[in-house]
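J.: below is the sequence, then the predicted model.
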Amino acid sequence: MEPEKHPKEITLRTASLFSSKTRDRILMTSLLLFNQRSFGSVTTATIAREAGVLEGTLWYHFKTKTDIQLAHIEVFQRAFLEENKESESSDPATIIMGVFSSYDLIWDFRYLVRNSFSHYEDERLNKGRVAAQNLNDFIDEWTAGRIVYARDMGLLQLGNHEIGAISEITMILGRYWLDYSSKKYPEKTNLDLRKKGIGHVFMILDPYLSEKAKVLVQATLQSKQTA
């Protein structure tokens with residue numbers, strides 16, 4: 001499974017994180033399946049079949065399905081840190097572009113923030129639940145931190161009492177937009193829904209955006225629509 005065959009399901013930036021090697025092909029395939037359905041409903045047999053490998057080959061690389069999830073978290077964390085190297089930039093365009101890039105990455109690994117993993121009970125599987133919860137806590141803190149930083153840089157105009165609510169609303173969109181939108185707009189591609197979702201995020205933020213930020217956001221949204 002070559003990454004370039006899936007531009008409508010994940011961004012090309014995320015697809016580039018996976019090579020054509022067997023292990024990465026399994027990771028790519030399982031990511032797509034977990035996003036489309038859920039972690040709990042996808043079997044290793046399905047992953048192996050869709051990846052074009054024997055199930056025994058999958059077990060060679062990943063002893064459990066939880067190991068696949070943990071590998072996804074590791075890939076996500078590395079990519080997220082790379083995307084946010086310039087997170088403390090004072091340049092408004094860099095700050096806003098960082099939000100777009102991070103949204104795309106969270107979207108591409110959305111099952112990690114959408115699924116609760118609450119069905120884990122034994123100690124082995126509980127490791128996956130804890131890792132997913134830690135990741136969700138990190139993303140929640142990052143979102144609130146980005147809103148505060150954008151406010152401090154003059155891109156957002158809002159009070160401290162509004163930060164929590166705005167952060168939670170944007171994360172709700174990030175977590176559950178696909179499930180809702182794919183049912184409401186079944187004819188739309190995954191890429192169309194992702195673009196619509198980021199548009200909604202900035203629609204929520206629009207009343208708080210400075211004039212300069214509004215210009216930058218609109219320019220970026222337009223470039224995304226034509227990409």
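T.: Looks like it arrived, so ask away.

J.: pLDDT score for the residue of the chain most remote from its centre?
T.: Using C-alpha atoms, centre = their mean, the residue of the chain lying farthest from its centre is residue 56. It sits 29.4 Å away. The confidence metric pLDDT takes the value 96 at residue 56.

J.: helices along this protein, start to end?
T.: Remark: helices assigned in the chain by DSSP state H are 12-15, 22-36, 44-51, 55-61, 65-83, 92-108, 111-114, 123-152, 160-184, 190-205, 211-226.

J.: tell me the contacts of the closest residue to residue 143 other than its chain neighbours?
T.: Distance criterion C-beta to C-beta, 6 or more residues apart in numbering; nearest residue to residue 143, sequence neighbours excluded, is residue 167 at 4.8 Å. Just so you know, the C-beta spots here come from the backbone N, C-alpha and C atoms, and that holds for glycine as well. Residue 167 makes contacts with 140, 143, 144, 147, as judged by C-beta atoms under 8 Å, 6 or more residues apart in numbering.

J.: could I get those as JSON lines with pLDDT and distance to residue 87?
T.: Listed next are the contacts of residue 167 as JSON lines, based on pLDDT from 0 to 100; distance: C-beta to C-beta, whole Å:
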{"residue": "140", "pLDDT": "87", "distance to residue 87": "16"}
{"residue": "143", "pLDDT": "89", "distance to residue 87": "12"}
{"residue": "144", "pLDDT": "89", "distance to residue 87": "13"}
{"residue": "147", "pLDDT": "92", "distance to residue 87": "13"}
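
J.: let me know the closest of the residues you listed to residue 203.
T.: residue 147 (15.2 Å; C-beta to C-beta).

J.: thought that closest one was touching residue 163?
T.: Yes - here residue 147 reaches residue 163: they are 5.5 Å apart, a contact under C-beta atoms under 8 Å.

J.: more crowded one of those two?
T.: When neighbours are counted by other C-beta atoms under 10 Å, residue 147 and residue 163 differ, and residue 147 comes out ahead with 22 against 17.

J.: contacts only, for that one.
T.: Residue 147 is in contact with 156, 158, 163, 166, 167, 170, counting by C-beta under 8 Å, 6+ apart.

J.: wait, what's in contact with the residue nearest the centre of the chain?
T.: Centrality entry for the chain: nearest residue to the mean C-alpha point is residue 106, 1.4 Å, by C-alpha atoms, centre = their mean. If you count contacts by C-beta under 8 Å, 6+ apart, residue 106 has them with 113, 139, 174.

J.: noted, bye for now.
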